[in-house]
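>>> next come a sequence and a model predicted from it.
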Amino acid sequence: MSYLSVYQALYAHYGSQHWWPGDSPFEVMVGAVLTQNTAWTQVEKAIDNLKADDCLTPSCIVAMPDKQLATLIRPAGYFNVKTRRLKNFCRWFLEQGSETALSKWSSDDLRQGLLSVNGVGPETADDMLLYAFDRPIFVIDAYTRRLFSRLGMVAADEGYEQLRHSFEASLKTDIPETRQRVTLFNEYHALIVIHAKDVCRKRPLCGQCFFNRQCPANEIKND
DNA sequence: ACCCAGGGTCATA
DNA sequence: TATGACCATGGG
């Protein structure tokens, strides 16, 4: 079992996912903040509200009164914290000279910069790096931990950075070409999320799960 | 009525 | 460093 073989199995089963949903890199970044611990369907409503008010831009978001912004993003939950986080991010984004300037940064510098924003943690930063900036950064989320922990491929208590490096190093060997790896990372994370939604939450290794008959995870009884 | 969703921060020990 | 509290809406 390699990371690549799991990817191939997922891709064969679910096909291309065409992530991240969003018309622009900035929309992807806003979505990354809004989707923190929140169902994507709720995020769509919030983004639609921003679009309807023609305010899906960093300058408009920064200028808008907190209360008004909170009302727009209300469906996405945590609207008070997310109002603050969205503004923090947009302020930083504008200070750095927006997207064109940021696209010239190295992935490491860009990651550090994103993490310096209060409200942008590892997963949110990596969502942005991969899906808005096309960097070869592997996104680790709770689903990723759960799946690969059940497959017996990683320890349950592995740290975020450790886990991310593990995926990136292994897949870099399989796919040396950066552009191809970005494409694979893009699909891979999406497939992990889709797979997690597809199977039963409480007993993810049920008959609906294609891993059921094909991999050692079948033998794992609990988390 | 309960659990969860494409997390992160902050206070405490 | 490692837990726990907190944030809040809406779908299943």
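Ah, there it is. Numbers count the residues shown, from 1 in each chain, chains lettered A, B, ... in the order given.
>>> where in chain A is pLDDT low?
A:200-223 (pLDDT under 70).
>>> and the helices in it, which stretches?
A:3-14, A:25-34, A:40-52, A:58-63, A:66-72, A:79-95, A:98-102, A:107-115, A:122-131, A:142-150, A:160-174, A:178-198 (DSSP state H).
>>> touching DNA strand B at all, the last one?
This means helix A:178-198. Yes. Using CB under 7 Å from any atom of the strand, we find that helix A:178-198 touches DNA strand B at A:Val193, A:Ala196, A:Lys197. All C-beta spots, glycine's among them, are computed from the backbone N, C-alpha and C.
>>> nearest to DNA strand C, of those?
The shortest gap between DNA strand C and any of the residues of helix A:178-198 next to DNA strand B belongs to A:Lys197, at 10.2 Å (CB to the nearest atom of the strand).
>>> up against DNA strand B, what does chain A have?
Proximity of chain A to DNA strand B is assessed by CB under 7 Å from any atom of the strand, with A:19-21, A:31-32, A:35-40, A:42, A:77-78, A:81, A:117-125, A:127, A:131, A:141-143, A:193, A:196-197, A:201 identified as the residues in range.
>>> and the residue of chain A nearest DNA strand B?
In chain A, the residue that lies nearest DNA strand B is A:Gly121 (2.3 Å; CB to the nearest atom of the strand).
>>> not counting its neighbours along the chain, what's nearest that residue?
In space, A:Gly121 comes closest to A:Leu115 once its chain neighbours are excluded; the distance is 7.4 Å by CB to CB, 6 or more residues apart in numbering.
>>> ok, how many other residues are close to the one you found?
Residues within reach of A:Leu115, counting by other CB atoms under 10 Å, total 14.
>>> please report the distance of it from DNA strand C.
From A:Leu115 over to DNA strand C the distance is 16 Å, taken as CB to the nearest atom of the strand, to the nearest Å.
>>> distance check, that residue against A:Ala196.
25 Å (CB to CB, to the nearest Å).
>>> residue contacts, the residue most central in space within chain A?
The structure's chain A has its C-alpha centroid closest to A:Asp127; by CA atoms, centre = their mean the separation is 3.7 Å. Counting by CB atoms under 8 Å, 6 or more residues apart in numbering, A:Asp127 makes contact with A:Trp20, A:Val28, A:Ala32, A:Val139.
>>> now the two most distant members of those residues.
The largest separation in those, counting by CB to CB, is between A:Val28 and A:Val139 at 12.3 Å.
>>> so between these two, which is more surrounded?
A side-by-side neighbour count of A:Val28 and A:Val139, using other CB under 10 Å, places A:Val139 first with 25 against 19.
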